[in-house]
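Colleague: build me a model:
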Amino acid sequence: MPDRLLRAEHRPGTRTGGWSTSGSLRVRGGLSVNLQVSFYDEADRRQRPAGIYTVQFNVLSPDARYKKVNPTATVTWSSEGNGVQRRLSVVDGASISGVADHVTVRVVDETADVGGDMIATPVDYFVTILVAPFPRPARGAPPYLRGTAVPVVVAGGASSALAVPNDSGVTTACILAVAEDGGLPRVTQRSFDPGIVFSRYVPDNSSWVGLFPQTVDLLLENVSIDPASTVTYSALWGIDG
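Modeller: I've put the predicted structure just below:
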């Protein structure tokens with residue numbers, strides 16, 4: 001078929017609908033890596049219309065300590081001027097999907113638990129953002145946002161409240177608990193009304209537990225009667241997408 005008869009969408013060299021950018025971040029350096037994409041343009045029929053798109057991330061550094069850093073992405077999916085926001089922790093291979101005709105991605109460093117020589121010599125690391133059509137591959141775990149910057153240690157008979165973010169698209173939680181000296185972990189999903197409890201369970205360190213929609217915080221408890229016992233908690237928020 002002569003080239004002049006091929007529709008523009010099918011001609012060799014036509015863009016496939018993917019976008020990418022990359023840049024450097026520094027621990028506590030105040031920098032950001034940004035990408036903004038509109039998927040549909042009436043003046044350019046080669047671009048794809050609104051649909052399901054996936055944002056993928058890559059994190060690399062020549063410094064082995066970069067595994068301790070905590071970059072966080074804010075992804076805003078929008079259509080017809082209205083948007084929904086998702087926040088997730090960025091690790092090498094993280095991805096999130098959404099339905100929209102426009103997406104804005106901003107990655108910043110939120111490392112708060114790195115000390116010692118990393119303060120004296122800040123770590124630089126490299127972040128790549130890639131946007132492409134179609135949903136993210138099916139996986140056992142959702143995109144996640146770190147719920148605890150540093151582990152929370154709870155003594156016997158004590159507790160600590162962990163607020164559920166209301167700006168990130170949180171739908172589930174994975175609570176990791178390490179008990180020592182007879183510590184007994186227990187997690188309670190609570191409402192804004194202290195008298196209302198939605199769920200109470202013993203975390204098993206591997207399951208993602210769905211949050212009731214009105215859950216305001218999780219109460220991380222050590223129900224042991226021995227004050228010398230401890231439970232060390234870490235938390236991940238599961239993000240829709």
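
Colleague: if I pick the nearest residue to residue 71 once chain neighbours are set aside, what's in contact with it?
Modeller: With sequence-adjacent residues excluded and distances taken as C-beta to C-beta, 6 or more residues apart in numbering, residue 71 is closest to residue 90, at 4.2 Å. The way it works is simple: take the backbone N, C-alpha and C, and place the C-beta from them, glycine included. Contacts for residue 90 were tallied using C-beta atoms under 8 Å, 6 or more residues apart in numbering; they are 57, 59, 71-73, 107, 127.

Colleague: could I have the CA atoms of stretch 99-113 written out in CSV?
Modeller: C-alpha atoms of stretch 99-113 as CSV (Å, rounded to 0.1, in the frame of the first residue of the first chain):
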residue,chain,number,x,y,z
VAL,A,99,-7.2,6.2,34.1
ALA,A,100,-6.8,9.7,32.8
ASP,A,101,-6.0,12.0,29.9
HIS,A,102,-3.2,13.8,31.7
VAL,A,103,-0.7,12.9,34.4
THR,A,104,1.8,14.9,36.5
VAL,A,105,4.6,13.1,38.4
ARG,A,106,6.9,14.7,40.9
VAL,A,107,9.6,12.7,42.8
VAL,A,108,11.4,14.2,45.8
ASP,A,109,13.7,12.9,48.5
GLU,A,110,12.0,12.3,51.8
THR,A,111,14.9,10.5,53.6
ALA,A,112,14.4,11.1,57.3
ASP,A,113,16.1,8.1,58.9
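
Colleague: report the rounded mean pLDDT for it.
Modeller: In this model, stretch 99-113 has a mean pLDDT of 89.

Colleague: list the buried residues in it.
Modeller: The neighbour-count check on stretch 99-113 (16 or more other C-beta atoms under 10 Å) flags 100-111 as buried.

Colleague: tell me the gap between it and the middle of its chain.
Modeller: In this view, stretch 99-113 has its centroid 9 Å away from the chain centroid, taken as C-alpha atoms, centre = their mean, to the nearest Å.

Colleague: residues contacting residue 190?
Modeller: Per C-beta under 8 Å, 6+ apart, neighbours of residue 190: 161, 196-198, 215-219.

Colleague: how about 6 Å then?
Modeller: By C-beta atoms under 6 Å, 6 or more residues apart in numbering, the residues touching residue 190 are 197, 217, 219.

Colleague: where does the residue lying closest to residue 109 once chain neighbours are set aside fall, phi/psi-wise?
Modeller: Using C-beta to C-beta, 6+ apart and skipping residues adjacent in sequence, the residue nearest residue 109 is residue 25, 4.7 Å away. Phi and psi for residue 25, reported as degrees, to the nearest 10, are phi -120, psi 160.

Colleague: separation between residue 25 and residue 59?
Modeller: Look at residue 25 and residue 59: by C-beta to C-beta, to the nearest Å, they are 9 Å apart.

Colleague: give me the neighbour count for the nearest residue to residue 51 once chain neighbours are set aside.
Modeller: Leaving aside its sequence neighbours, residue 51 sits nearest to residue 133 (C-beta to C-beta, 6+ apart; 6.3 Å). Residues lying near residue 133 (other C-beta atoms under 10 Å) number 14.

Colleague: list the beta-bridge partners for residue 133.
Modeller: residue 53 (DSSP bridges).
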